[in-house]
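Peer 1: just coords:
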């Protein structure tokens, strides 16, 4: 009898977490859904229950945490147009109109004019409609790259502090421009230009998923246009960095 009771309790919990995770979203909202999984991906429920290995079609509840392995990646669809692609060694938590990236890299498509709020371990920023690439860094800041612009990013402050009523610093970025959201989320580092064409050609967040991005042709054209604009201006490239002061600008000799 005890075994039967335990089995029934476990089955009921499974139904509740798998079939009813949309309880955090109001009726009519579009909850995040797993549409691609490669490698080992783990999910930690919001209530701290046992970690599970999610399946395709799993609807994610507010506060649940996805963790990707060393050779893993995952795609989360939000409604018709919203999108998260999280790469290897990522820690991502979906939220209403946004999400938190605590580790790793992600590609984000923001579908709404009101924008999405994204969070690092400490900072928060609002991204306007468009396609973005994010990288969480060890000092609790975040690198933000505009892929499909022009688009705006707004610093919203420290997510662990009292709400910041503003005024907030806002930047307008062109395709291929990168800024660093400093720890605490109140301001940004300098705007740096990266080679968009090279980034798009080499990023696994762009190329290692079965479905091509709907913006693929436009992104290609933006990369070509940027290349032409940069001719004779600069050959600056941004090397990988783990913190804001570690940004390296390498200017190849002609």
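Peer 2: Alright, I've got the coordinates. Keep in mind that this is a model prediction, so the values were computed, not measured. Residues are numbered from 1 along each chain as shown.
Peer 1: okay, helices next: where are they in the stretch 101-250 of the chain?
Peer 2: 196-202, 204-207, 216-230 (DSSP state H, counting those that start in this stretch).
Peer 1: relative to residue 167, how far out is residue 40?
Peer 2: For residue 40, the distance to residue 167 equals 44 Å [Cβ to Cβ, to the nearest Å]. All C-beta atoms are positioned from the backbone trio N, CA, C, and that covers glycine.
Peer 1: residue 31: which of the helices of the stretch 101-250 of the chain is closest?
Peer 2: helix 204-207 (22.3 Å; Cβ to Cβ).
Peer 1: which residues of the stretch 1-150 of the chain score low on pLDDT?
Peer 2: 1-29 (pLDDT under 70).
Peer 1: on that earlier part again, and the helices of the stretch 101-250 of the chain as a markdown table, adding distance to residue 159, mean pLDDT and mean neighbour count?
Peer 2: Output for those, formatted as a markdown table (distance: least, Cβ to Cβ, whole Å; pLDDT from 0 to 100; neighbours: other Cβ atoms under 10 Å):
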| stretch | distance to residue 159 | mean pLDDT | mean neighbour count |
| --- | --- | --- | --- |
| helix 196-202 | 28 | 92 | 17 |
| helix 204-207 | 24 | 94 | 17 |
| helix 216-230 | 30 | 92 | 15 |
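Peer 1: which stretch among those comes nearest residue 96?
Peer 2: Each of those has some distance to residue 96 by Cβ to Cβ; the shortest is helix 204-207, at 23.1 Å.
Peer 1: what distance separates the closest one from the centre of its chain?
Peer 2: 13 Å (Cα atoms, centre = their mean, to the nearest Å).
Peer 1: which strands and helices sit next to the host helix or strand of residue 100?
Peer 2: Assigned by DSSP states H and E, residue 100 falls within strand 98-103. Counting contacts by 3 or more Cβ pairs under 8 Å, 6 or more residues apart in numbering; DSSP states H and E, strand 98-103 is packed against strand 91-95, strand 116-119, strand 130-136.
Peer 1: okay, residue 40 and residue 167: which has more neighbours?
Peer 2: Neighbour totals were compared for residue 40 and residue 167, and residue 40 leads with 12 against 6 (other Cβ atoms under 10 Å).
Peer 1: relative to residue 53, how far out is that one?
Peer 2: 8 Å.
Peer 1: again with residue 83
Peer 2: 22 Å.
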